[in-house]
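J.: Here is the input, now give the coordinates:
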Amino acid sequence: MSKVWPAELPVAQVRIARPTAKLQELEYFYCEGIGLQKLGSFENHNGYDGLMIGLPGYSYHLEFTQHKAGSPCPAPSKDNLLVLYIPDRESIKRITNRLLNLGYPEVPPENPYWQTKHAVTVEDPDGWRVVLMPAAGIN
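T.: The predicted structure follows:
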């Protein structure tokens, strides 16, 4: 497997975007709960409000948009996952406790693989799941 980004695919940034009807709740969950940061936002851009969150200085972002007429976001399957690899179990425990205190308890994973790896699964306000996965090689 090559460790060099392919020249045929000159990607400078990756952003995963999805609609929601719960923009403020998602900001609370991902920023206060998970610990990501609000990188930017916009209001009433052609009828849409939006929020970008991620890690400052990194080109990987989540974007949530909400239309003024409503942004239906059908419930995903329990295998629609955002997996965050975290290098130490103590950090996972702190994040899990913070989420629980905010009203977001751990849920059982659909795929038992995550449980065998001691990962923690939590649902965001739209029902999408976030997996806090111990990075390879940690205790």
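
J.: tell me which strands and helices the lowest-mean-pLDDT helix or strand in the chain is in contact with?
T.: Least confident element among the helices and strands of the chain, by mean pLDDT, DSSP states H and E: strand 14-19 (a mean of 92). Here strand 14-19 touches strand 60-67, going by 3 or more Cβ pairs under 8 Å, 6 or more residues apart in numbering; DSSP states H and E. C-beta here means a position set from N, CA and C on the backbone, and glycine is covered the same way.

J.: Name the residues that touch the strand it packs on?
T.: By Cβ atoms under 8 Å, 6 or more residues apart in numbering, the residues outside strand 60-67 that reach it are 13-23, 26-27, 30, 36, 39, 47-54, 71, 82.

J.: Can I get the buried part of these as one PyMOL selection?
T.: To isolate the buried members of these in PyMOL, using 16 or more other Cβ atoms under 10 Å:
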select buried, resi 19+20+22+23+26+27+30+36+39+49+50+51+52+53+54+71
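
J.: The protein: helices as residue ranges?
T.: 23-27, 89-101, 112-116 (DSSP state H).

J.: want to throw those into CSV with mean pLDDT and distance to residue 128?
T.: Formatted as CSV, the helices of the chain follow (pLDDT from 0 to 100; distance: least, Cβ to Cβ, whole Å):
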stretch, mean pLDDT, distance to residue 128
helix 23-27, 96, 9
helix 89-101, 96, 14
helix 112-116, 95, 15
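
J.: Setting the sequence-adjacent residues aside, check what's closest to the most centrally placed residue in the chain.
T.: Nearest to the mean C-alpha position of the chain, counting by Cα atoms, centre = their mean, stands residue 82 at 5.2 Å. Once flanking residues are discounted, residue 82 sits nearest to residue 130: 4.9 Å by Cβ to Cβ, 6 or more residues apart in numbering.

J.: For that neighbour, list each beta-bridge partner.
T.: residue 82, residue 122 (DSSP bridges).

J.: For it, give its distance to residue 84.
T.: Using Cβ to Cβ, to the nearest Å, residue 130 is found at 7 Å from residue 84.

J.: These two: which is more packed in?
T.: Ranked by neighbour count (other Cβ atoms under 10 Å), residue 130 and residue 84 place residue 130 first, with 21 against 17.
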